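Participant: Starting from these lines, generate the structure:
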Amino acid sequence: MSSILELLAVATGGGVLSLKLLAVWSHTRNAARGIIDGKLAPNNPSPNSVCSEGETANITPLEVKEHDAWENLQDAIESLSGRFMSIQQDYLHAVFKTALWGFEEDLEARFDRDANVIHLRSASRVGYSDMGTNRKRVETLKRLLE
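Facilitator: Next comes the predicted model:
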């Protein structure tokens with residue numbers, strides 16, 4: 001019985017250590033790809049990203065109703081503990097850390113002034129599934145800006 005418990009403890013410890021190493025590795029990677037041909041990069045092939053632009057769009061863009069929507073988006077990102085990596089006139093990149101393991105995830109936004117929308121892309125840096133974290137982040141940002 002004690003050998004089974006020891007084996008279980010080692011396996012659990014190894015799993016936790018593996019997740020923590022992935023979190024550390026996520027700090028060295030970057031899922032943000034910037035603007036490509038005037039648009040945000042498409043979604044990852046895995047279900048750990050959302051994007052409002054391109055053929056693989058799986059969310060709607062943020063409709064701009066106020067003249068200060070771009071600044072309000074930046075305030076909303078800060079309120080959710082996002083750390084800005086780049087802020088330009090019509091593009092921004094922010095990084096978020098997941099609560100439990102500290103995985104870093106990237107949020108990008110592109111202000112399309114002609115269409116009066118802000119396109120959003122939120123993506124995990126590692127793994128296959130994010131358990132809906134990126135979609136929830138974008139939905140929360142949209143609610144904060146309504």
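
Participant: nearest residue to the residue nearest the centre of the chain other than its sequence neighbours?
Facilitator: In the chain, the centroid-proximal residue (C-alpha atoms, centre = their mean) is Ser122; its distance is 3.3 Å. Distances taken as C-beta to C-beta, 6 or more residues apart in numbering place Asn134 nearest to Ser122, at 3.9 Å, with adjacent residues excluded. C-betas here are computed from N, CA, C, even on glycine.

Participant: tell me which strands and helices the helix or strand hosting that neighbour is in contact with?
Facilitator: Element membership for Asn134 (DSSP states H and E) is helix 133-145. Here helix 133-145 touches strand 49-51, strand 62-63, helix 69-79, strand 104-112, strand 117-124, going by 3 or more C-beta pairs under 8 Å, 6 or more residues apart in numbering; DSSP states H and E.

Participant: what's next to the shortest one, contact-wise?
Facilitator: Pointing back at strand 62-63 there. Ser52, Ala69, Leu73, Asn116, Val117, Ile118, His119, Leu120, Leu141, Lys142, Leu145 (C-beta atoms under 8 Å, 6 or more residues apart in numbering).

Participant: For Asn43, state which of those residues is nearest.
Facilitator: The nearest member of the contacts of strand 62-63 to Asn43, counting by C-beta to C-beta, is Ser52 at 10.0 Å.

Participant: is it true that that closest one touches Ser122?
Facilitator: No - the criterion here is C-beta atoms under 8 Å, and Ser52 misses it with Ser122 at 9.8 Å.

Participant: Using CSV, write down the CA coordinates of stretch 34-43.
Facilitator: Only the C-alpha atoms of stretch 34-43 are listed here, as CSV (Å, rounded to 0.1, in the frame of the first residue of the first chain):
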residue,chain,number,x,y,z
GLY,A,34,1.6,42.0,-34.6
ILE,A,35,-0.1,43.2,-37.8
ILE,A,36,0.2,41.0,-40.9
ASP,A,37,-1.1,42.5,-44.1
GLY,A,38,-3.0,45.1,-42.2
LYS,A,39,-4.8,42.6,-39.9
LEU,A,40,-4.3,40.7,-36.7
ALA,A,41,-2.8,37.2,-37.1
PRO,A,42,-5.2,34.3,-37.5
ASN,A,43,-6.1,32.0,-34.6
